[in-house]
Every structure is written in structure tokens, then in C-alpha cells.
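Student: okay, predicted coordinates and the sequence, questions at the end:
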Amino acid sequence: MLRAEDVKAYYETRRGPVRALDGVSIALHENEIVGIAGESGCGKSTLVKVLYDNVASPLRLVSGRAVLTRAADDTSVLAASGSIQDRWWRDISFVPQASMSVLNPVVRIGPHFRDSADAAFRQMGRGAFWARVREVLSGLRLGDDVLSAFPHQLSGGMRQRVVIALATFLDPRFILADEPTTALDVVTQKEILTLLVDVQRRMKNSLVIVSHDMAVHYQVTGRLAIMYAGKLVECGPTSGIFREPRHPYTRLLIGALPRIGQRGKLSGISGVPPSLLSPPAGCRFAGRCPNVMDRCRSEEPAVRSVGNRHVVACHLHEPVAEDDS
Amino acid sequence: MSEPLLDLQHVSRTFRIGGLILGTPLVAVDDVSLRVPAGRPMILSIVGESGSGKTTLARMILRLVAPTGGRVLLRGQDVTRLSGHRQLLAYRRTVQPVFQNPFESFSAHRTVDCYLFETAQGLRIARTRNEARSVVARAVASVGMTLEGVAGKYPHQFSGGELQRISVARALIPGPALLVADEPVGMIDASLRMNIVNAFVDLKQDVGVSIIYITHDLSTASYISDAVAIMFRGTIVEYGPAAAVLESPRHPYTQLLLESVPRIGAKWDDEVPAAGEERREYELSGCRFADRCPHVTPECRAERPADLALPDGRRVACIHHERIFGPVPHADELHRLERSD
Ligand SMILES: Nc1ncnc2c1ncn2[C@@H]1O[C@H](COP(=O)(O)OP(=O)(O)OP(=O)(O)O)[C@@H](O)[C@H]1O
Ligand SMILES: Nc1ncnc2c1ncn2[C@@H]1O[C@H](COP(=O)(O)OP(=O)(O)OP(=O)(O)O)[C@@H](O)[C@H]1O
Ligand SMILES: [Mg+2]
Ligand SMILES: [Mg+2]
């Protein structure tokens, strides 16, 4: 299991700390697909960085921690802020946002595999290493010939599949994919997402998909976390969240985009998120919330269970016991 | 005055990849014709496959890339043949870009209003600071913000959506007739995305600006466009009124595109057809969709399908569209048309 425990992570800037994560807890279990959704700038990529232990200046882990627990030997590994430990990255792999630019344009695809896993190369030996790379490529419907191609010779979809191969060929237990399909057309997006889900089913590891597209989450994730302005506002089974979203922000987010052919004006969610330099007291969504009450502006809502593994941070919801599933 | 605002006539662009001499040619844009009329503002969306030539087309309109074939005419004048300061200035006052990533359009070390004033003065829209002030204020107001709210702030003090609206405002300063927006909402989430596309609709209706909107988001394209062009491997496979193309497609690629849009409430369950290798599809001499098309016949591979003009104002490059999608409807029957599968 990979957990973030009450993480506060701030970007230090000249005008003060940007509170990109302000007390966020989330647990990722084995063999599941978890989505992370929320507005641009709400802290999604920052959360992934913390989970991957890729915390470097100006980002600072102010409090809380990331913990990786192995079921097999029951040991815990703590993220040591500032360095990606050898052990850590073999268990967790990361597909960064805008990942197509991760590929070095003047280097052929083959050496990218070699360079990204030097330790594994030495450990496995040349033969086993390349056999494994080929196996993973063919699982992603790429031929061996891509190894000798330069990135620009591949289409966007093929490049993205190469990046996924890079992230998965060492059989990590956790794959963190930050906006893996945002820059792609919908046909290629569907292909990539279907492949990612396939890989996850085969490896039975756990996959985290960050996306601001709620329809993507509906299609592929089993559990969904929704963030707003550095906070987790709702988290639960994807089907439950779409059936009955509990947080007003989640509800608005689901209905924000028009369907093709829909007539009439849609205005999105009015207003803008608060500054993370000086977030307001109380609920951070209060300023835009259609259901706002007096206490929302002064009292911060706690994360509470609404049953069925579903939690929400909103004063509209009184706590219930967890056993009502 | 009958001259169209923008007239793309058989525009092509070939790149050489892997070296000028030994490299192989790649036809990124292949014989594209499109038109934006003068005096009747419209929003034209260009959607299609990643790598199909949309950005290259936009860059040709913006004079950032020269066509290797065909002509780009702005009010009848070839944009590659502008000469002298006056013509260039007139061009830049007429056509303005909005780029995908607003954080790249603005310098991180300067306040955004500084940049807005510079645009106003650089394009000689205003001679004095006071004149510039009212021009900038008007542009900022037309995207729903105020100059007071923007002044003195640096790019990172805005959200992505706000900054994108400011870059739209910047583009509006010279009072352009045409905005070329290449994936202006790609990085932006649903709620801010609606802000920006609604701003586009208002600009068209209230200010009379035409907009070329390049996007992968078919739902906002359907929401704001008058016309849609679907690009695939350098060519336009279908073009026409937005409702016709996006609600009753007549090209198999358009149909595949629409079926691939993730929808809330309807889960994917079908097999996904594998994309062909990009280079190979660019090199096909017949229809470039042939390798993936479920309706392919040998004729499809024989020669490049011609653009067929249909009565509802659409053009489609598929010789089998009637066999696949049924008889062509008349324009007035369109709203009753059922999707055929
Ligand atoms: N290097 C940095 N210095 C200062 N602030 C930063 C830095 N990187 C990110 N931020 C701020 O931290 C907040 C969270 O950023 P993060 O990248 O996690 O957002 P996100 O949810 O991934 O957004 P997007 O959907 O746009 O990718 C934002 O307000 C952002 O402006
Ligand atoms: N300067 C260049 N040199 C060589 N090839 C190029 C150049 N610019 C673009 N290409 C190629 O031309 C083709 C079309 O690219 P373009 O960027 O126009 O596509 P696009 O439709 O905008 O794609 P996306 O949806 O991914 O933005 C691609 O195969 C691309 O690799
Ligand atoms: Mg991000
Ligand atoms: Mg592009």
C-alpha cells in the first residue's frame, strides 16, 4: 500500500509559501485504478510528486509523510524528502505530465530504456534486460523497430506508448500517470487508456491516473479522489461518485462540459479558486458554492465518511457509521 | 468587399525529416482548402488526429511556416508576399494568435499589463499612454476581467484559465478580424474551459471576430462552432456545418472520432482498433484511412478520394459515404436524421 498521510507540501516563493497540498491523506491499495481529479492548479501534480518522493526545491514537505508498505515482508519505507531512493523508484514508476517531451529528441528509443534503469540493466544482464523490454513493447503493440527510431519518427500515440513502456517494464507495483492523454486526440486517448488498463489487469499492480477530464475517470478508474485548492474534498468508488456526488464541487464538475449536440448556454462554475498563498478560512470552495452556509466561511469541514468507502469534506454531510454497505 | 477574410487554396506543407538531403519527405498538410467569409463572423473548428497537421496549418496562416504548395490569402492578399512595414503591420492587426500554454506566452518576470501595453504601442494601436490605457482596458473587459484586477501582477499570480483569458485579451488589442487559437483550452479544466469558449462566442457575436478554434475537445467544438473541419493525416476528410458533421458524420474517421469521445454514463466496452504507423499512413496513395476503415474496398486504395460536395453544405472525402451512411439528406431534413451505423 502507498499512503500519503496528512501531507502539507508548499512551494517556497518570494511572496510566501504556496500551499499546494494542505493536509491531504490518501491510500492506494494493490490492484486498483485510482483517479485524481480537480481544477488546474489544485495540487494534483504536487500530490503525485510527493507520492513519488520527488520533492525538490522550491517544493518542501512541511509535514506529513508518504509511506510504502509491502504486504510480503510487512516493512514500511518512508519517503525521504529530496531524493528518489533506489528502492522507491523500483516499486513506483512515474509518467510525468507532458511526458512526451520526456523523450530526448536526439537519442534513439532503445537507449532511453537503458538509461532509465541502469541498476536493473546490471542486475538482469543484457539478454534478460532487452528480452523484457521487447516483451513489454509487444504488449503495447509496438514492434522492436521502435528501439532504433528517434522520437520524432513516431506519432504522438506511439511516443506515449513508449513512455508507458518505460514506466512499466520493470514491473512496478505502483504506476503514477499524470495527465497521460491530455494532449492526444480522442481515438488515441482511448487506445492509450485501454492499454494502460490492460497492463494494470495483467500486472495486478495499482495505477493512479491524474486527469481533469471527468469522463476519463468515469471510463477507467475504480476509485476517484477529487481535489480543490490544495485539499481533498471527496474520495470514493467512482461509480458511487457519479451516481451520487456528495460535494457540490464534484457535482458541478461532472456537469460542467456540454454533450455533443447539446443546445443552450452552459456557463461552467462561476468564480475562480482562491489563492494558495493566503487561502481563506473555512471551506475553500465556499466562495463559489451554490449551497454555501454561514459556517462554511469560518469552519473548515473535516473529511468524513458518508458510508460505502466514500468520504467527503463538506458541512452538508453529517458523519455516518462506516458499516452501512 | 466580396473577397473572403481568409482563403486557403490547396495549401500544402512538406517537411523533410532526418536531414535535408537524405531525409524522407513528410506531407504534414496536403492540399487543404478552407474559407472564412468576410463580413459574416464565424467560428471554424479544426479537430482531428494528433499529428494530422492542425498546428502546421495554423502556423501557415500566422506566417510562422511557409506553405510548400498552394496559397494563403488574407482579404485576397497572399500572406507570404507581404512586403514593407505597412503591410506587415496591417497583417498583424488583422490576424492574431492565441497559443496553447498561456504561461509560455507571457514572460515570467514582467507584469502582464506591461505586456498588454507593449502590444498596444508596438502595433501602433495607441500613440499615447492614455490611449493605450483605454484600448487595453476595453480588451480586458471583453474577456470578463478588469484592468485594475490585472495591473501590476505577474503571470504566476493568475490561474491557467485567467491567464489564458488575458492572452485572449492581448490578442484582441489590435481589433483583429481573425483569431487563430491552437488548443487554447488543452490544459484547462472543465469550468474554466467554458469561460474561455463562452468568451469566444461573445467575441464573435458582439465584436464580430472570426475564430479558428483548434482542439481535441469535440464537446466544446460542437458547442461553439459554426463549421467544423476534420483532419486526418494532413487532409480534411470532412467539412461542413458543425451540427451536420458532429451529429451525423459522413466519413468513417469522423464516426470513429465521435465514438471515441469518453462520455459519462456510457462505458467503453468495444475493442479499440490499433492505430496504423504514422509514416505508413502518410505514404498511402489512396485514402489514408484505408488501413483502419471497416468499410474499405480496393477502390479506396487506388486513388486519393475526391472531396464530394453535398447539398447540406458539407464536403466529404469518402467514395462510399452513401453506402455506409445512407442517402444524402436535404438540408431541411437534417435535424430529423437518425445516426446510421
Ligand atoms: N515551482 C512552483 N513554484 C511556485 N508555485 C508552484 C510551482 N509549481 C506549482 N505551483 C503552484 O502550486 C499549485 C499546485 O500546482 P500543481 O502543479 O500541483 O497543480 P495541478 O493540479 O497539477 O494543475 P494542472 O491541472 O494545471 O496540471 C498551483 O497553484 C501552482 O501555481
Ligand atoms: N518542423 C517540423 N519538422 C519536421 N516535421 C514536422 C515539423 N512540424 C511538424 N512536423 C510533423 O508534421 C506532422 C503534423 O504535425 P502538427 O504539429 O501540425 O500536427 P497537429 O495536428 O497539430 O498534432 P497535435 O494534435 O498533436 O497538436 C507531424 O507528423 C509532425 O511530426
Ligand atoms: Mg498537473
Ligand atoms: Mg498541434
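Tutor: Arrived safely. Ligands and ions are numbered 1, 2, ... in the order given.
Student: OK, contacts around the residue nearest to residue B:217 when sequence neighbours are not counted?
Tutor: Spatially, and ignoring its direct neighbours in sequence, residue B:217 is nearest to residue B:185 (6.6 Å; C-beta to C-beta, 6 or more residues apart in numbering or on different chains). The way it works is simple: take the backbone N, C-alpha and C, and place the C-beta from them, glycine included. The neighbourhood of residue B:185, defined by C-beta atoms under 8 Å, 6 or more residues apart in numbering or on different chains, consists of B:164, B:192-193, B:196-197, B:215, B:217, B:220.
Student: which ones among those lie within helices?
Tutor: Among the contacts of residue B:185, the members found in helices (DSSP state H) are B:164, B:192-193, B:196-197, B:220.
Student: type out the PyMOL command that picks the buried ones from those.
Tutor: To isolate the buried subset of these in PyMOL, counting by 16 or more other C-beta atoms under 10 Å in any protein chain shown, use the following:
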select buried, chain B and resi 164+192+193+196+197+220
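Student: got the ones in helices among the contacts of residue B:185 as a markdown table, with distance to residue B:134 and pLDDT columns?
Tutor: Conversion of those to a markdown table gives the following (distance: C-beta to C-beta, whole Å; pLDDT from 0 to 100):
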| residue | distance to residue B:134 | pLDDT |
| --- | --- | --- |
| B:164 | 23 | 84 |
| B:192 | 27 | 77 |
| B:193 | 30 | 84 |
| B:196 | 24 | 84 |
| B:197 | 27 | 91 |
| B:220 | 32 | 94 |
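Student: beta partners for the most centrally placed residue in chain B?
Tutor: To find the centre residue of chain B, average its C-alpha atoms and take the closest one (C-alpha atoms, centre = their mean): that gives residue B:214, at 3.1 Å. On DSSP bridges, the residues paired with residue B:214 through beta bridges are residue B:46, residue B:182.
Student: contacting residues for it?
Tutor: Residues in contact with residue B:214 (C-beta under 8 Å, 6+ apart) are B:45-47, B:54-55, B:58, B:180-183.
Student: now do residue A:272
Tutor: By C-beta under 8 Å, 6+ apart, the contact set of residue A:272 is A:288, B:159, B:161-162, B:192.
Student: now with 6 Å, please.
Tutor: For residue A:272, the contacting residues are residue B:159, taking C-beta atoms under 6 Å, 6 or more residues apart in numbering or on different chains as the criterion.
Student: how much space separates it from ligand 3?
Tutor: From residue A:272 across to ligand 3, the span is 17 Å (C-beta to the ion, to the nearest Å).
Student: give me the residue ranges of chain A where confidence is low.
Tutor: Applying pLDDT under 70 to chain A flags the ranges A:71-90, A:98-101, A:319-325.
Student: spell out the residue ranges of the strands in it.
Tutor: A:2-13, A:16-28, A:33-38, A:59-69, A:76-78, A:92-95, A:174-178, A:206-210, A:223-228, A:231-237, A:304-305, A:311-312 (DSSP state E).
Student: got those strands as CSV, with distance to residue B:205 columns?
Tutor: Putting the strands of chain A into CSV (distance: least, C-beta to C-beta, whole Å) gives the following:
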stretch, distance to residue B:205
strand A:2-13, 40
strand A:16-28, 38
strand A:33-38, 32
strand A:59-69, 44
strand A:76-78, 57
strand A:92-95, 41
strand A:174-178, 37
strand A:206-210, 36
strand A:223-228, 32
strand A:231-237, 36
strand A:304-305, 46
strand A:311-312, 40
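Student: could you export those strands to a markdown table, including columns for mean neighbour count and distance to residue B:107?
Tutor: As requested, the strands of chain A are exported to a markdown table (neighbours: other C-beta atoms under 10 Å in any protein chain shown; distance: least, C-beta to C-beta, whole Å):
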| stretch | mean neighbour count | distance to residue B:107 |
| --- | --- | --- |
| strand A:2-13 | 18 | 17 |
| strand A:16-28 | 20 | 20 |
| strand A:33-38 | 26 | 28 |
| strand A:59-69 | 18 | 23 |
| strand A:76-78 | 13 | 40 |
| strand A:92-95 | 24 | 30 |
| strand A:174-178 | 24 | 26 |
| strand A:206-210 | 26 | 28 |
| strand A:223-228 | 25 | 29 |
| strand A:231-237 | 24 | 32 |
| strand A:304-305 | 16 | 45 |
| strand A:311-312 | 24 | 41 |
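Student: turn the contacts of residue B:185 into JSON lines, columns for distance to residue B:322.
Tutor: Shown next, in JSON lines, are the contacts of residue B:185 (distance: C-beta to C-beta, whole Å):
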{"residue": "B:164", "distance to residue B:322": "42"}
{"residue": "B:192", "distance to residue B:322": "42"}
{"residue": "B:193", "distance to residue B:322": "37"}
{"residue": "B:196", "distance to residue B:322": "38"}
{"residue": "B:197", "distance to residue B:322": "34"}
{"residue": "B:215", "distance to residue B:322": "29"}
{"residue": "B:217", "distance to residue B:322": "30"}
{"residue": "B:220", "distance to residue B:322": "31"}
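Student: about what we covered before: in a markdown table, list the contacts of residue B:214 along with distance to ligand 2.
Tutor: Shown next, in a markdown table, are the contacts of residue B:214 (distance: C-beta to the nearest ligand atom, whole Å):
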| residue | distance to ligand 2 |
| --- | --- |
| B:45 | 13 |
| B:46 | 8 |
| B:47 | 9 |
| B:54 | 3 |
| B:55 | 3 |
| B:58 | 8 |
| B:180 | 12 |
| B:181 | 13 |
| B:182 | 7 |
| B:183 | 7 |
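Student: hang on, the earlier thing: next, format the strands of chain A as CSV and append distance to ligand 3.
Tutor: Conversion of these to CSV gives the following (distance: least, C-beta to the ion, whole Å):
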stretch, distance to ligand 3
strand A:2-13, 13
strand A:16-28, 10
strand A:33-38, 9
strand A:59-69, 13
strand A:76-78, 25
strand A:92-95, 12
strand A:174-178, 6
strand A:206-210, 6
strand A:223-228, 11
strand A:231-237, 16
strand A:304-305, 27
strand A:311-312, 23
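Student: quick check: which ranges of chain B have low pLDDT?
Tutor: Across chain B, the stretches falling below the confidence threshold (pLDDT under 70) are B:1, B:17-23, B:270-284, B:330-341.
Student: quick check: residues of it near ligand 2?
Tutor: Residues of chain B found near ligand 2 (C-beta under 6 Å from any ligand atom) are B:15, B:17, B:26, B:28, B:50-56.
Student: apply 5 Å and report the result again.
Tutor: By C-beta under 5 Å from any ligand atom, the residues of chain B that approach ligand 2 are B:15, B:28, B:50-56.
Student: can you name the helix or strand that the closest residue to residue B:76 other than its chain neighbours falls in?
Tutor: Nearest-residue entry for residue B:76: residue B:3, 4.0 Å, with adjacent residues in sequence omitted and distances by C-beta to C-beta, 6+ apart. Residue B:3 is part of no helix or strand, with elements assigned from DSSP states H and E.
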